[in-house]
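S.K.: just the structure for this:
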Amino acid sequence: MANADADDRIFCPNGECDGLIKKSGVYQTCLTCGEHVCALCHIIDDDLHEGRTCAQRIKIIHEMGEFLPRLFDAGEKYARENWPPNLSPLIRIEYNMRLAEKCLSLERFYKGVIALGDHLPPDLARGFFAFHGTETKSILPICIDGFDPRRRKGQAYGVGEYFGVTAAISDGYCRTNTASEIKTMLVAFILRCPQVSTKVGFCHVVNNPIDWSYAYNLPVLIISYGQQASIPSIVASTPSVIRSIPSIVASTPSVIRSIPSIVASTPSVIRSTPSIGASTPSTITNIASSSQVKKKNWPMSCQLM
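M.R.: Numbering: from 1, shown residues only. Have a look, this model is predicted:
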């Protein structure tokens, strides 16, 4: 085998791999084992490192605290475990990294938590996840600002924002991108409170204040699904973190393995699964994702449906 010190190369930090990676490559894909690894900090397969330097990764971890990483993990687990086999396969799952920037949707949600008499950060046991289908162009505005009560319509099962109890129900409210035949959906976290009601077998209705001063729900994930292998991110404005599915909220180019991001403005975290439920029209561009769930290196510190 070639000398690891030659040609700006070092051994891959993956203990099960004997391949060489570029010492100057920072976070990169090892061509031998296929893992995403960092030549400097030796981290393996960490979404938060995608598109970021080691220092930027540490900074975003501190900014997110403990709540968001736990929320993203739990939301992704929910989406993967509840994705119906009769729908098109997941292409990408993207974390709404606009939340890490303390956008209006997070501010409104935190105010909703406080209005219920709870403390911050919220307890995940205090709520549940649900799908929300909408047009792709509405994903980004929802990720940044939240679910706009002024866009309500239908209201067949009560006043509020509607969320599907299954991805199949929310799929009926998604709009296919005719050019790519890709659909996008949101996964939201909803607080359990008197302002939330459920139509069994169909939807959850969240009656947020009409003045939008606070909210009892939060847009957490963007899911892209269809027959395409990859797609761009929708949320990211600066490089977003993705594995094998595009993101929906990104505005500036995001960092992805096989799909772009839609929501992130600063690097967002994405994987490889489609989106399920969204709200009302907003403005978005594309999507990114990842393909498999792996252990992270995060420290623990009727309307559209």
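
S.K.: am I right that Arg18 is in contact with Cys12?
M.R.: I think there's a mix-up here, since residue 18 is Asp and not Arg. Yes: using Cβ atoms under 8 Å as the test, Asp18 is close enough to Cys12 to be in contact (7.5 Å). Quick note: C-beta positions are derived from backbone N, CA and C, even for glycine.

S.K.: which one of the two has more residues nearby?
M.R.: Legend: neighbour count by other Cβ atoms under 10 Å for Asp18 and Cys12, higher for Cys12 (23 against 12).

S.K.: roughly how far does that one sit from Val26?
M.R.: According to Cβ to Cβ, to the nearest Å, Cys12 and Val26 sit 14 Å apart.

S.K.: now Pro85
M.R.: Note on Pro85: its distance to Val26, by Cβ to Cβ, is 39 Å.

S.K.: who has more neighbours out of the two?
M.R.: Val26 (16 against 5).

S.K.: how about low-confidence regions in the chain?
M.R.: Per-residue confidence for the chain (pLDDT under 70) gives these ranges: 1-6, 63, 176-180, 229-232, 236-305.

S.K.: domain ranges for it?
M.R.: Listed by the TED database, the domain ranges of the chain are 9-49, 66-226.

S.K.: end-to-end on the last one?
M.R.: So the one you mean is domain 66-226. End-to-end distance of domain 66-226: 32 Å, with Cα to Cα, to the nearest Å as the criterion.

S.K.: off-centre distance for that domain?
M.R.: 11 Å (Cα atoms, centre = their mean, to the nearest Å).

S.K.: ok, the first one next?
M.R.: The chain centroid and the centroid of domain 9-49 are separated by 24 Å, computed with Cα atoms, centre = their mean.

S.K.: just the domains of the chain: most buried one?
M.R.: Comparing the domains of the chain by mean neighbour count (mean count of other Cβ atoms under 10 Å), domain 66-226 comes out on top with a mean of 21.

S.K.: all strands for this protein, in order.
M.R.: Along the chain, counting by DSSP state E, strands occupy 9-11, 20-22, 27-29, 36-38, 90-95, 127-133, 161-164, 183-191, 196-199, 203-206, 217-225, 234-236, 262-264.

S.K.: thought Ser138 was touching Tyr173, still the case?
M.R.: No: if you go by Cβ under 8 Å, Tyr173 and Ser138 don't touch, sitting 10.4 Å apart.

S.K.: all set, thanks.
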